[in-house]
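Asker: no sequence for this one, just the structure:
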């Protein structure tokens, strides 16, 4: 093989002696021979003529030339390289030829060589063997359907776990709030017990009569024929402290009228106050006299406005019954009550009762009675038993609601946990019936 190469080089040298004339060609004309023949590239300079005809043959013993080599065209990024694939002896060499991009210069240089023999430089192309492997995975329709089943099974598990976690968080939140409510309730109950120990009276008429130890008044309210009409301390009820306080103001006005009439002022007694409270709570929604007690006179008025405008101003000229009760010199004690609850006809009812000087029970001037009442009123407001009782009721209501919500959250958590177990079982069943990896259905192709 080496002898053949040497002979070929000698022939080229003999033919190449003399002047080499390369004519100028324009870019728009057909390319030169070297561009049309990717097997070699010719370059002319002022000094040398270089030719590249052959790919490099590394070792004669490793390769055997044949007349018809296996040639493949590969179009990739490595343009202009010649790749020779090694084969075993007695096997045709595989030569991979890629297109060579050659840029033709617009100016061609003419060189005259005067040396006895032109210098020939043979550029040996370095052979690079490159193997590109591409792996392609082909997925069948059955594999896609199976994967979808696995995805759905996993999604069911994930959804159940999410629901369980959310329920667990809700349970924790509710339980924390319940614990706080229980603590507040215990503190409020303890405070109320302390207050009641120091001031064991309810903030209403019953509490006031117990505070001043008016046993007869307590008995009247408790044993009246229509005692059930009294909602002790209720909003708008005559037994509320606010309405008792307001009633005393009307008694003061009544005494001003009596003084103008030349009559002594009426005194106030717990018994007479109890009579008025018991009666007005009945008449407020009945629009008539209750007639529960004997030996008393009574004035009633329904609707808004000053009751004395109706009882005194309107009836003075005619000396009506209401007017006479107010100015009667035989009346020495009185009581007054107001009911402005939601059950009151025309929104409000006022009642004033009158008794003679011989009426049993202690009687007080309006100022003295106000002092007794205001002493109790201030202490009752400071104790705020009703406020603490309201707080306790509110806390208990919140606790009851919280317990109900906690039960719902626990039920939700239980259902979610059951769904996790069911979904997991379904997933495991799918793995048994349709395993993910069967060894078939996928193939790898290497190019």
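Answerer: Now that the structure is in, tell me what you want to look at. Note that the structure is predicted; figures quoted are calculated from it, not measured.
Asker: where along this structure do the strands fall?
Answerer: For the chain, the strands identified by DSSP state E occupy 41-44, 49-52, 70-72, 82-85, 94-97, 120-122, 135-137, 267-269, 297-302, 331-339, 349-356, 363-364, 444-446, in order along the chain.
Asker: Would you single out the least confident of those strands?
Answerer: Taking the average pLDDT of each of the strands of the chain, the minimum falls on strand 444-446, with a mean of 36.
Asker: List the contacts of the nearest residue to residue 334 once chain neighbours are set aside.
Answerer: By the measure of Cβ to Cβ, 6 or more residues apart in numbering, the closest residue to residue 334 outside its immediate chain neighbours is residue 266, 4.2 Å from it. Just so you know, the C-beta spots here come from the backbone N, C-alpha and C atoms, and that holds for glycine as well. Remark: with contacts taken as Cβ atoms under 8 Å, 6 or more residues apart in numbering, residue 266 is in contact with 251, 254-255, 258, 331-334, 354.
Asker: measure residue 266 to residue 323 for me?
Answerer: Using Cβ to Cβ, to the nearest Å, one obtains 15 Å as the distance from residue 266 to residue 323.
Asker: ranges for the helices of the chain?
Answerer: Counting by DSSP state H, the segments of the chain that form helices are 2-15, 33-36, 141-198, 205-211, 215-223, 241-260, 270-283, 307-308, 321-327, 366-383, 385-433.
Asker: where in this protein is pLDDT low?
Answerer: Within the chain, the segments meeting pLDDT under 70 span 1-139, 437-447.
Asker: same thing but 80
Answerer: Low-confidence regions of the chain, defined here as pLDDT under 80, cover residues 1-140, 436-447.
Asker: For residue 290, list the residues it contacts.
Answerer: With Cβ under 8 Å, 6+ apart, residue 290 has these contacts: 225-226, 278-279, 282-283.
Asker: As TSV, the contacts of residue 266 with neighbour count and distance to residue 219 would be great.
Answerer: Output for these, formatted as TSV (neighbours: other Cβ atoms under 10 Å; distance: Cβ to Cβ, whole Å):
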residue	neighbour count	distance to residue 219
251	23	22
254	24	26
255	19	27
258	20	29
331	22	23
332	18	22
333	24	17
334	30	20
354	24	21
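Asker: with those in mind, which one is nearest to residue 420?
Answerer: Taking Cβ to Cβ as the measure, residue 420 sits nearest to residue 251 out of the contacts of residue 266, at 75.0 Å.
Asker: these two touch, right, the closest one and residue 366?
Answerer: Yes. Between residue 251 and residue 366 there is a contact under Cβ atoms under 8 Å: 5.5 Å.
Asker: shared neighbours of these two, which are they?
Answerer: Residues touching both residue 251 and residue 366 (Cβ under 8 Å, 6+ apart): residue 268.
Asker: Go through stretch 385-399 and flag the buried ones.
Answerer: For stretch 385-399, burial by neighbour count (16 or more other Cβ atoms under 10 Å) applies to 385, 388-389, 391-392, 395, 398-399.
Asker: Go through the contacts of residue 290 and name the one nearest residue 242.
Answerer: residue 278 (18.1 Å).
Asker: Please name the nearest non-neighbouring residue to that closest one.
Answerer: Per Cβ to Cβ, 6+ apart, closest to residue 278 is residue 224, 4.2 Å.
Asker: show me the contacts for the one you found.
Answerer: Residue 224 sits next to 230, 278, 292-293 when contact means Cβ under 8 Å, 6+ apart.
Asker: gap between residue 146 and residue 154?
Answerer: 13 Å.
Asker: Kindly report the same for residue 237.
Answerer: Remark: distance between residue 237 and residue 154 (Cβ to Cβ) = 67 Å.
Asker: So for the two, which sits in the more crowded spot?
Answerer: Higher neighbour count among residue 237 and residue 154: residue 237, with 26 against 13, using other Cβ atoms under 10 Å.
Asker: so what's the more buried one up against?
Answerer: By Cβ under 8 Å, 6+ apart, residue 237 lies in contact with 230-231, 243, 281, 339, 341.
Asker: repeat for residue 281
Answerer: Contacts for residue 281 (Cβ under 8 Å, 6+ apart) come out as 226, 229-231, 237-239, 337, 339.
Asker: Give me the buried subset of those residues.
Answerer: 229-231, 237-239, 337, 339.
Asker: out of these, what pair is the most spread apart?
Answerer: Taking Cβ to Cβ, no two of the buried ones among the contacts of residue 281 sit farther apart than 231 and 337, at 13.3 Å.
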